[in-house]
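[1] Below are the sequence and a predicted model; questions follow.
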Amino acid sequence: MEVVVLAAGQGKRMRSTRPKVLQPLAGRPLLSHVLCAARAVGADRICVVYGHGGDAVRQALDAPDLAWALQEPQLGTGHAVLQALPHLHHESSVLVLYGDVPLIGVPTLKRLAEAAGNDRLAILTVELAEPSGYGRIIRDREGRVHRIVEEKDASPDERNIREVNTGILVAPPGRLQDWLGRIGNHNAQQEYYLTDIIALAVSDGVEVVATHPDRAIETLGVNSKAHLAELERLHQRTIAQRLLDDGVTLIDPARIDVRGELLCGRDVEIDVNCVFEGRVELADGVTIGANSVVRDARLGTGTRVAPFSYVDGTEVGAHCVIGPYARTRPGTVLLDEVHLGNFVEVKNSRIAAQSKANHLAYVGDADVGERVNIGAGTITCNYDGANKYRTIIEDDVFIGSDTQLVAPVKVGRGATLGAGTTLTKDAPEGQLTVSRARQVSLAGWNRPKKKK
């Protein structure tokens, strides 16, 4: 099966310089969702028909398995599909999708393709309580699909019909080019409607069959920021329901955002207003505190992320504690039972088991051993303004508060760094290293007073 994705619309109602099909839903462009569905359904070839903002669309989503066809000017959906035909082989069925209908389900598409077979025209229809704006399905006395009439061309009786056209269809091999060459633009919009091929198929004796989606939201398009926000919540509610069905505890299913893939083990608990981006894996017993963001991370069994934390590009072991108000950045690896407290930031570092930095610390480009205590106010000075260097802290090191480790530097096993130390040379193992100005007390000194 070959797929044509119509993505040339300008989207004026979006009131945005960004092309409509690049507007984000669940962290990805609308068109990206549609292309994923096309690939999942097993498309042999995908052609995207683009127009407004075409360069931006191609730059954002171009891939080796995509062909691109420019529609200029935009003269309707039939004209759009016509632009794609030179990129198709015409030896298989053609599935037509829309770049602004992002939630179309793969099972729905597979069922539509099965209904089409090799010699039928299959269309996806849905019954809506408020069908305004959609083309209506006109059936004959035997209930067979006879034609589709657009709302602007429909009679009052036809507008009362609740079964509407979604625009998604599968055409039999070799028939699409002939039908598109025969449609006209004698309508209120003076456009070439793809829907006109339905009547042509009927007149040619080709059976037209209709199937329905699993859920009506699969067929909803996006024409405004209000539509986009509505679809976002519907999509997130679907994800939340799947998580609940899988046994995840969501404190409030209406307040979770998954912008990628979230995989959860048993007894996972997620508090309100959490955002998950990219691919996130939460093992058994993981707890995510309120208002936290987890991105491209894997968290081990029993790990707890306290509220207002940001875990990004991080591999976390079992029974760790992160936060509140902590941040881990890409390249960070935390082994088992590591504790990162409030206002601690870790970047591109490996922290071994049972080590802790409980407050107000920065660990960047460092290798930290086991059972290390990093005191409040400690930082690794890893950047000299041009290059970055690593800090090595071996097992059982105790680092006093307000310490600066100027990389490249190494702290030996079991060493202690006194509070306030600025370490510029390696600290030997098992010894106390301290560097600070001598403390002086001045007798008879008077604090300055404000002049009257």
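    It's in. Predicted, not measured: the structure shown is a model, and the values here were computed from it.
[2] From here on, just use CA atoms for contacts and neighbour counts.
    OK.
[3] how about low-confidence regions in the stretch 1-150 of the chain?
    In the prediction, the stretch 1-150 of the chain carries no residues with pLDDT under 70.
[4] Val81 and Leu6 touch, don't they?
    Yes. With the criterion set as C-alpha atoms under 8 Å, Val81 and Leu6 qualify as a contacting pair; they are 7.3 Å apart.
[5] Now name the helix or strand holding the closest residue to Trp179 other than its chain neighbours.
    In space, not counting the residues next to it along the chain, Trp179 is nearest to Ile197; the distance is 5.7 Å by C-alpha to C-alpha, 6 or more residues apart in numbering. Under the criterion of DSSP states H and E, Ile197 resides in helix 197-203.
[6] which residues touch that helix?
    The contact list for helix 197-203 (C-alpha atoms under 8 Å, 6 or more residues apart in numbering) reads Leu121, His146, Arg147, Ile148, Trp179, Leu180, Ile183, Glu207, Val208.
[7] Can you report how many residues neighbour the third one?
    To tie it back to what came earlier, the one meant is Arg147. By other C-alpha atoms under 10 Å, the residues close to Arg147 number 20.
[8] can you dump the C-alpha coordinates of stretch 431-439 into CSV?
    The C-alpha atoms that make up stretch 431-439 are tabulated as CSV, following Å, rounded to 0.1, in the frame of the first residue of the first chain:
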residue,chain,number,x,y,z
GLN,A,431,44.4,12.7,54.5
LEU,A,432,42.7,16.0,55.4
THR,A,433,43.3,18.7,52.8
VAL,A,434,42.3,22.2,53.6
SER,A,435,43.0,25.6,52.0
ARG,A,436,41.7,28.7,53.5
ALA,A,437,42.8,32.1,54.7
ARG,A,438,44.1,32.3,58.3
GLN,A,439,41.4,33.5,60.7
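[9] Could you list the residues in contact with that stretch?
    In this structure, residues lying in contact with stretch 431-439 by C-alpha under 8 Å, 6+ apart are Gly414, Ala415, Thr416, Leu417, Gly418, Ala419, Gly420, Thr421, Thr422, Leu423, Ala427.
[10] ok, the last one - contacts?
    For Ala427, the contacting residues are Lys410, Val411, Gly412, Ala415, Thr433, taking C-alpha under 8 Å, 6+ apart as the criterion.
[11] now the first one
    Residues in contact with Gly414 (C-alpha under 8 Å, 6+ apart) are Glu394, Asp395, Asp396, Val397, Phe398, Glu429, Gly430, Gln431.
[12] taking those one by one, which sit in helices?
    Applying DSSP state H to these, no entry is found in helices.
[13] Neighbour-wise, give me the winner out of these.
    Those, ranked by neighbours (other C-alpha under 10 Å): first place Val397, 25 neighbours.
[14] Look up how far Ser435 lies from that one.
    Using C-alpha to C-alpha, to the nearest Å, one obtains 17 Å as the distance from Val397 to Ser435.
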